[in-house]
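>>> Pasted the sequence and its predicted model underneath.
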Amino acid sequence: MRSSNKLLFNSISELLRELDESSPIPGRENASEDHDGGPGSSWCDTRSYEEAHEWLEFGHEYEGLHTGLSKYKTNGTKDMPKHYLDVVGYTPVVPLYLQGVPTCMLNQKKTINNKIVTFIYQLSVPACVDQKDIMKTTTELMKNIIQLEKDGYRVNLYVMNYNDNDRGYGYLIKLKTDRETLNIKKLCFPLVSSSMLRRIDFRVKERLFKDWIGGGYGHGHNSESEMRDFINDMLHLKHYELWDYRGKLFSL
């Protein structure tokens, strides 16, 4: 993974495996391990990197986000049953059976629904933005996903952090595949927590980037054209929606 300044992780478990197997790179900072009371730790909602790792791995509930989504539910749309007449099946069609028609049994097969929508959420957020404001946006994002799944779409969800520090540095993490239903507990931490940036994001930059991004670890990039180029280079998508803490930025 440490062969590029632009990284793609196909799951949370893949990201954590890379971080767990990485070693500190001499000369780089180690701010991701600031403990409670240390420099910068006041901006975190975790006491240590280990706690942030645990919340990302096993999920973490935020009451405000759950409350905002409590009346919304989805069963997902992994596949759709298609019924047809066959010589074997799970129930007979009596009129056809009495007529001696060989294909008198009703059978079904599951076909994969190919209507797919991809959301990408840009993690970068100014330190002055309150977690409650982030939660309002991520609640709306999840409501969109739930409604699309109810309408028969399959949904992919990525988080992205693209930074500008003279050169482009960035990564994408796939949080949800189009074959999974929405798991609110699993998604809360990466979409809401300041520790996703202060600890997990810092650890990526401290240990996995080919080159050191430098002091301050860069700042979130807001150029739509450059973010679009980064996404196209990494995912080769024709259609997707890009969001950040303010809401939807654009769609293609």
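Nice, thanks for sending it over.

>>> Tell me how far residue 158 lies from residue 120.
Distance, residue 158 to residue 120, by CB to CB, to the nearest Å: 5 Å. C-beta: built from backbone N, CA, C; applies to glycine.

>>> for residue 179, same thing?
Look at residue 179 and residue 120: by CB to CB, they are 18 Å apart.

>>> So for residue 158 and residue 120, which residues contact both of them?
residue 172 (CB atoms under 8 Å, 6 or more residues apart in numbering).

>>> Run me through the strand neighbours of the longest strand belonging to the chain, direction for each.
Looking across the chain with DSSP state E, the single longest strand is strand 154-165. Take DSSP bridges as the rule and strand 154-165 pairs in its sheet with strand 116-122 (parallel), strand 167-176 (antiparallel), strand 219-220 (antiparallel).

>>> For the first one, which residues meet the burial criterion?
For strand 116-122, burial by neighbour count (16 or more other CB atoms under 10 Å) applies to 117, 118, 119, 120, 121, 122.

>>> Run a quick neighbour tally on residue 108.
Here the count is done by other CB atoms under 10 Å, and residue 108 has 13 residues near it.

>>> So it: helix, strand or coil?
strand (DSSP: H, G, I helix; E, B strand; the rest coil).

>>> Was I right to think it contacts residue 85?
No - with contact defined as CB atoms under 8 Å, residue 108 does not reach residue 85; the gap is 10.7 Å.

>>> Dump the C-alpha coordinates for the longest strand of the chain into CSV.
Below are the C-alpha coordinates for strand 154-165, written out as CSV (Å, rounded to 0.1, in the frame of the first residue of the first chain):
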residue,chain,number,x,y,z
ARG,A,154,-28.4,-0.8,-4.8
VAL,A,155,-26.1,1.6,-3.1
ASN,A,156,-22.3,1.8,-2.8
LEU,A,157,-20.9,4.2,-0.2
TYR,A,158,-17.3,5.5,0.0
VAL,A,159,-15.5,8.0,2.3
MET,A,160,-12.8,10.1,0.8
ASN,A,161,-10.1,12.4,2.0
TYR,A,162,-8.3,14.4,-0.6
ASN,A,163,-5.7,16.9,0.6
ASP,A,164,-3.7,19.6,-1.0
ASN,A,165,-0.2,20.3,0.2
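
>>> from the middle of its chain, how far away would that strand be?
Mean C-alpha position of strand 154-165 versus that of the full chain (CA atoms, centre = their mean, to the nearest Å) differs by 8 Å.

>>> Stretch 147-160 now?
Relative to the centre of its chain, stretch 147-160 is centred 11 Å away, using CA atoms, centre = their mean.
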